[in-house]
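>>> Okay, predicted coordinates and the sequence, questions at the end:
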Amino acid sequence: MDIHITLQGKTDLAGQIYRQLRAGIVDGRLPAGERLPSTRDLASQLSVSRKTTLDVFERLLSEGFLQSRPGDGTFVADGLQRIPVSAPIVHRARPTALWESLPAALSMPEFGSTPPLDFLGGVTDKSRFPFEPWRRCLNHAQRQQARGRAAYHDPAGEQELRLGISRYLAFNRAVTSNWQDVIVTHGAQQALDLLARVTLNPGDVVAMEEPGYPPARACFTAAGAKVISVPVDAEGLRVDLLPKEARLVYVTPSHQFPLGMPLSLDRRLALLEWAQNTGAAIVEDDYDGEFRFDGRPLESLKCLDRFGLVAYVGTFSKTMFPELRVGYIVPPLSLSGALLKAKQIVDWHSSTFTQAAIARFILDGDFAKHLRRIHKQYEARRDVLLKHLKGPLAAWLEPVIPAAGIHLTALLKQGLTESSVIAAAREQGVGLYGISGFYADTEPRQGLLFGYGGISEEEIEIAMTKLAGVFRSLE
Ligand SMILES: Cc1ncc(COP(=O)(O)O)c(C=O)c1O
């Protein structure tokens, strides 16, 4: 008698057969001692190759679902725990109350619905990425990988990349470090997670900017911390309003997320003094500060820190692209040991292949060349945006002029709501994004975040002209 197996499509045939046989055995439809057809017969019944059925049988034999009796055939094994066919599946495993109630860190944009002129934030311009030199770096990484013995590596990251990051930070971001201080992470997000793990006890207070970066808030909340929102003004974080009991302060000093103003030097000094007095640690998230357009760069908190309280966090998500998932921490040395243990516990270490390729990209000078080129492009885009925001759109929008970064925020005037502007712009093929979702505890201001990483100057011109029409139609 033929065994009942149905195959769909032409892919993963072995997987389909394996899953159906295993399900039949587990739920008891194929009882212990039942003889299975030979691999040859099964292959001909299902019109698949003999190799496919052989692979399936070998896997089920190695997992103990089948037993082979040489010269006799293959049988369903004895003594397997069965789940009765009729038993409904109940999903009883539950996350903790904390995880159950935790909101998603960030809602993802809907797939397949990208408007033709899109100001989505957080994206970079891949069309300008130097893929040819990058391919050379990938090839180098592959050759390097093929040479060594397969082994787990240092949780801190590959020496070459840490060296590259340390040199880059010294030159570009005025952050002094030894390469041994740098810890490579899976993006800035993992850096935040590791820092939360090692500095916070459940119930500890974390202070962060309001409005602020929701994935950072989610990360601290998931660590069991109580996150307190502290307002920002034109100079950035209101240091005078920090809660005394905060164990950790999360800030974006180069380019406040999402509003865009830098933290003034006075506030930087005040924040450091406050932290020295309270002993709180500071996370300096420098996620896109390399794109600095106006004036002299302000000193990083890290370089002003004389008390070992600042953990500096950076990322390649904006300077290269976010899919790489590579970031880094330059922590106070007093946190290094704990961070390395945490990194090892979480994922052992980041991919050495990607690390080797980025290291080559930096050390060969391709990264610096790429940064110089896109810096010019982003600056030109920002200028076009500002020309419109300060000109034809000034009646409706008030830009917060950032000194750095690849997005800028403009506040809506005249009682306009984000949702009405966003909906009307969508009709015209312009993708706009509001800022109200970045407020956690206070009445949101109404405004728009213009990401210019993924939209060209020419497209910005067209989009902003359309936008003026949208505003007029809303009046
Ligand atoms: C404030 C802030 N921090 C960090 C990041 C980057 O995170 P990651 O390196 O995990 O991609 C972003 C990305 O948009 C951001 O807006």
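Arrived safely.

>>> what sits against the closest residue to the ligand within the stretch 151-300 of the chain?
When scored by Cβ to the nearest ligand atom, the stretch 151-300 of the chain has Gly187 as its residue closest to the ligand, at 2.8 Å. Where you see a C-beta, it was placed from the backbone N, CA and C, and this is true even at glycine. By Cβ atoms under 8 Å, 6 or more residues apart in numbering, the residues touching Gly187 are 315, 317, 322, 325-327.

>>> Can you pull the residues of the stretch 151-300 of the chain lying near the ligand?
When proximity is defined as Cβ under 6 Å from any ligand atom, the stretch 151-300 of the chain approaches the ligand at 187-189, 213, 252, 257, 285, 287.

>>> Quick one: low-confidence residue ranges for this structure.
1-2, 81-87, 108-112 (pLDDT under 70).

>>> Can you check which helix is longest in it?
Counting by DSSP state H, the longest helix found in the chain is helix 366-390.

>>> Next, the buried residues of that one.
Of the residues in helix 366-390, 366-367, 370-371, 374, 377-378, 381-382, 384-386, 388-389 count as buried by neighbour count, 16 or more other Cβ atoms under 10 Å.

>>> What is that helix packed up against?
Packing contacts for helix 366-390, counted by 3 or more Cβ pairs under 8 Å, 6 or more residues apart in numbering; DSSP states H and E, involve helix 131-147, helix 159-172, helix 352-363, strand 397-400, strand 407-412, helix 457-474.

>>> The ligand next: which of the contacts of Gly187 are close?
Near the ligand, by the rule Cβ under 6 Å from any ligand atom, you find 315, 317, 322, 327 out of these.

>>> Throw those into TSV and include neighbour count and secondary structure, thanks.
Formatted as TSV, the ones next to the ligand among the contacts of Gly187 follow (neighbours: other Cβ atoms under 10 Å; DSSP: H, G, I helix; E, B strand; the rest coil):
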residue	neighbour count	secondary structure
Thr315	24	strand
Ser317	21	coil
Pro322	18	helix
Gly327	25	strand
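
>>> neighbours around Arg472, how many?
For Arg472, the neighbour count with other Cβ atoms under 10 Å is 11.

>>> Remind me which helix or strand the residue in the stretch 1-150 of the chain that the ligand sits nearest to belongs to.
Of all residues in the stretch 1-150 of the chain, Gly122 sits closest to the ligand, at 3.7 Å by Cβ to the nearest ligand atom. Using DSSP states H and E, Gly122 falls within no helix or strand.

>>> What about it, how many residues nearby?
There are 19 residues near Gly122, going by other Cβ under 10 Å.

>>> Distance check, it against His370.
For Gly122, the distance to His370 equals 18 Å [Cβ to Cβ, to the nearest Å].

>>> Quick one: neighbours of Pro103, just the number.
11.

>>> Tell me the gap between stretch 461-471 and the middle of its chain.
Distance, stretch centre to chain centre, for stretch 461-471: 31 Å (Cα atoms, centre = their mean, to the nearest Å).

>>> which of the residues in it are buried?
Residues of stretch 461-471 classed as buried: 462-464, 467, 470-471 (neighbour count, 16+ other Cβ under 10 Å).

>>> likewise stretch 61-74?
For stretch 61-74, a neighbour-count test (16+ other Cβ under 10 Å) marks 65-66, 74 as buried.

>>> what's the closest of the residues you listed to Glu58?
When the buried residues of stretch 61-74 are ranked by distance to Glu58 (Cβ to Cβ), Leu66 comes first, at 9.3 Å.

>>> what's Arg403 in contact with, if anything?
No Arg there; residue 403 is Ala. Contacts here follow Cβ under 8 Å, 6+ apart; on that basis Ala403 touches 254-255, 262, 292-295.

>>> partners of the longest strand along the chain in the sheet?
Counting residues, the longest strand in the chain under DSSP state E turns out to be strand 226-233. Strand 226-233 has the following sheet partners, assigned by DSSP bridges: strand 205-210 (parallel), strand 236-237 (antiparallel).

>>> Save these as TSV, and put in mean neighbour count too.
Output for the strands paired with strand 226-233, formatted as TSV (neighbours: other Cβ atoms under 10 Å):
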stretch	mean neighbour count
strand 205-210	24
strand 236-237	26
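
>>> With respect to Ala342, which of these lies nearest?
Closest approach to Ala342 among these is made by strand 205-210 (16.7 Å; Cβ to Cβ).

>>> C-terminal to the closest one, what's the next element?
Next along the chain after strand 205-210, taking DSSP H and E as the criterion, comes helix 214-222.

>>> Show me which residues of that following helix are buried.
Within helix 214-222, the residues that count as buried by 16+ other Cβ under 10 Å are 214, 216-221.

>>> and which of those residues is nearest Ala440?
Set against Ala440, the nearest of the buried residues of helix 214-222 by Cβ to Cβ is Arg217 (6.2 Å).

>>> what sits against that closest one?
208, 227, 440.

>>> let's see it at 10 Å
103, 105, 192, 206, 208-210, 225, 227, 229, 250, 438, 440 (Cβ atoms under 10 Å, 6 or more residues apart in numbering).

>>> circling back: reformat the contacts of Gly187 into TSV and put distance to Lys10 next to each item.
Shown next, in TSV, are those (distance: Cβ to Cβ, whole Å):
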residue	distance to Lys10
Thr315	41
Ser317	38
Pro322	34
Arg325	33
Val326	37
Gly327	41
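
>>> and which of those residues is nearest Asp41?
Nearest member of those to Asp41, counting by Cβ to Cβ, is Arg325, at 47.6 Å.

>>> if I read this right, the closest one contacts Ser351, doesn't it?
Yes - counting by Cβ atoms under 10 Å, Arg325 touches Ser351, with 8.4 Å between them.

>>> Need the overlap of contacts for those two.
Shared contacts of Arg325 and Ser351, defined by Cβ under 10 Å, 6+ apart, are found at His186.

>>> Which members of the contacts of Ala403 occur in strands, if any?
Per DSSP E, the subset of these in strands is empty.

>>> Mind listing what's buried along stretch 146-160?
Result for stretch 146-160 [16+ other Cβ under 10 Å]: buried residues 154-158, 160.

>>> coming back round to it: now the two most distant members of the ones next to the ligand among the contacts of Gly187.
Taking Cβ to Cβ, no two of the ones next to the ligand among the contacts of Gly187 sit farther apart than Pro322 and Gly327, at 10.0 Å.

>>> all strands for the stretch 51-200 of the chain, in order.
Assigned by DSSP state E, counting those that start in this stretch, the strands in the stretch 51-200 of the chain fall at 66-69, 73-76, 117-118, 183-185.

>>> Including distance to Ala174, could those go into JSON lines?
Below are the strands of the stretch 51-200 of the chain laid out as JSON lines (distance: least, Cβ to Cβ, whole Å):
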{"stretch": "strand 66-69", "distance to Ala174": "65"}
{"stretch": "strand 73-76", "distance to Ala174": "69"}
{"stretch": "strand 117-118", "distance to Ala174": "34"}
{"stretch": "strand 183-185", "distance to Ala174": "20"}
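
>>> chain center to stretch 228-245, what's the gap?
Distance, centroid of stretch 228-245 to centroid of chain: 26 Å (Cα atoms, centre = their mean).

>>> right, I mislabeled it, should have said stretch 9-28
The answer for stretch 9-28 is 35 Å, by Cα atoms, centre = their mean.
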